[in-house]
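> quick one: sequence and predicted model below, then my questions.
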Amino acid sequence: MEAIAYSVRRSPRARRPRLEIGRTGLELVVPTQMRLAEALPLVEEKRPWIERTLRRVDAAAAAIGVARLEDGGAIPYLGRELALRVELEPQRLRPRVTADDAGLHVRLARADDLRCALETWFRASARVEIGSRLDAATARAGSQYSRLTIRGQRTRWASCSQSGGMSFNWRLLLAPATILDYVVEHEVAHLEIADHSQRFWRLVAQRCPDYRERASWLRRHGTALWL
C-alpha cells in the first residue's frame, strides 16, 4: 500500500488532531501539547476519505485550471485568466502588483514572495469586486449590511452575522463570476432569513434561479480554488 504524503502543523487553537487538504496538499494539524505519535494513526484511519478527497481535488483542478505562479504563468480571475509578468528587483523593499490589459505585473525582491504578494492583491481586489456586488444586491433587496470583511478561511466561503456583518473569502475571485454572484445573493438573503429553511431557499431561488447549479459547482470545484 502506497504511503500517504503529508505535512504536520502545530496549532495552539486545535483541541484534537485533524486533517486538512488545501493548496499544499494533505496537512495533519496537531494540538501544540499533543505528542505527534498520538496523532499519526489518524492518517491511516482516514485513508479512504483522504484518497477520495485528493481525487476530487485533482479533478477540480483539471476542470478549472491551476494557477501557475511564475513569470509567463497565469492565474484564474472571475472566469478568465490573468497572465503573470514577474520581475525580480533585489533592491525593492515592498512587492508591487499592478493590473493592466495584459494581466498582472509583479515586481518584488524575491521569488519566494510571489504567492504572498498575489494574495495581498487578491484581498484588495475582493473588497472592490464583492463590495460592488453586495451594494447592488442589498439595494435590489431593500436591505442593508453593517460592514464587509475579507478573509481567507479554509472551509467557509462567506457568512452573515446577526448584526448584518458580511464576511467573504477572497478565494471566490478564483471562481467564475457567476459563482461569486450566487454567494453574494445567498448571504444577502440571510439578512432577511437567518436559517436555511425552505423559505430561505425560495428567496434565494427568486434572486438566483439556477442557484442549485452554482452551489453544486462550488462544492465540486471549491477545493481547487487556491493560489
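Done, it's in.
> show the subsequent helix or strand relative to the longest strand along the chain.
Longest strand in the chain by number of residues (criterion: DSSP state E): strand 80-88. As assigned by DSSP states H and E, the chain's next helix or strand after strand 80-88 is strand 96-100.
> spatially central residue in this structure, please.
Nearest to the mean C-alpha position of the chain, counting by C-alpha atoms, centre = their mean, stands Arg171 at 3.0 Å.
> who's in contact with the longest strand of the chain?
With contact meaning C-beta atoms under 8 Å, 6 or more residues apart in numbering, strand 80-88 is reached by 65, 68-76, 99, 102-111, 114. In short, each C-beta sits where N, CA and C put it, glycine included.
> over to stretch 144-154?
20, 22, 119, 123, 126-127, 130-131, 134, 138, 160-161, 163-171, 188, 191.
> please redo it, this time with the cut-off set to 6 Å
The contact list for stretch 144-154 (C-beta atoms under 6 Å, 6 or more residues apart in numbering) reads 123, 126-127, 131, 138, 163-167, 169-170.
> buried subset of these?
Buried members of the contacts of stretch 144-154, scored by 16 or more other C-beta atoms under 10 Å, are 126, 138, 166-167, 169-170.
> coming back round to it: which residues touch the residue nearest to the centre of the chain?
Leu225.
> partner strands of the longest strand of the chain and their direction?
Paired neighbours of strand 80-88 in the sheet (DSSP bridges): strand 74-77 (antiparallel), strand 103-108 (parallel).
> would JSON lines of the ones you listed with mean pLDDT, distance to Arg35 and mean neighbour count be doable?
Output for the strands paired with strand 80-88, formatted as JSON lines (pLDDT from 0 to 100; distance: least, C-beta to C-beta, whole Å; neighbours: other C-beta atoms under 10 Å):
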{"stretch": "strand 74-77", "mean pLDDT": "92", "distance to Arg35": "40", "mean neighbour count": "20"}
{"stretch": "strand 103-108", "mean pLDDT": "95", "distance to Arg35": "40", "mean neighbour count": "19"}
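> output those strands as JSON lines; include the columns distance to Leu42.
Converted to JSON lines, the strands paired with strand 80-88 look like this (distance: least, C-beta to C-beta, whole Å):
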{"stretch": "strand 74-77", "distance to Leu42": "32"}
{"stretch": "strand 103-108", "distance to Leu42": "38"}
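> for Glu89, find the nearest of the ones you listed.
Closest approach to Glu89 among the strands paired with strand 80-88 (C-beta to C-beta): strand 103-108, 5.4 Å.
> tell me which helix or strand comes right after that closest one.
Remark: after strand 103-108, the chain's next helix or strand is helix 114-141, criterion DSSP H and E.
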